[in-house]
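Visitor: Below is the sequence, then the predicted model.
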Amino acid sequence: MQKAAEAENTEVKIFAAASNDIRNQLEQQHPDVLMLGPQVRYMANDLKKELDIPVDVINMQDYGLMNGAKVLKAAMKLIEDSEA
């Protein structure tokens with residue numbers, strides 16, 4: 001995702017966190033969007049209710065193929081849609 005953002009001259013800060021540390025990282029990092037790996041999709045509904053930022057699960061194929069450009073595009077769209 002970082003490489004895709006740099007290629008598009010988009011300034012973003014991307015970080016990853018373990019599922020058991022997600023709440024701690026959210027407090028420290030204050031992201032604009034939360035993209036969950038497919039393996040923790042079970043957390044999505046609770047986090048959507050709990051957080052005031054957009055939350056979604058990364059497409060399994062994009063995750064598996066490490067298609068950072070598509071994941072970045074999905075994250076940016078979530079942000080855009082939440083601001084509308």
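Guide: Yep, it's here. Worth saying up front: this structure is predicted, and the values here are computed from it rather than measured.
Visitor: does the spatially most central residue of the chain sit in a helix, a strand or a coil?
Guide: What sits nearest the mean C-alpha location of the chain, by Cα atoms, centre = their mean, is residue 35, with 2.3 Å. Assigned by DSSP: H, G, I helix; E, B strand; the rest coil, the conformation of residue 35 is strand.
Visitor: my guess is it meets residue 75, correct?
Guide: Yes - contact criterion Cβ atoms under 8 Å: residue 35 and residue 75 qualify, at 5.3 Å. Heads up, the C-betas are built off the backbone N, CA and C, glycines and all.
Visitor: Touching both of these two, which residues are there?
Guide: Both residue 35 and residue 75 are contacted by residue 56, under the criterion Cβ atoms under 8 Å, 6 or more residues apart in numbering.
Visitor: Strands along this structure, start to end?
Guide: For the chain, the strands defined by DSSP state E cover 34-36, 55-57.
Visitor: Find the one among those with the highest mean neighbour count.
Guide: strand 34-36 (a mean of 20; mean count of other Cβ atoms under 10 Å).
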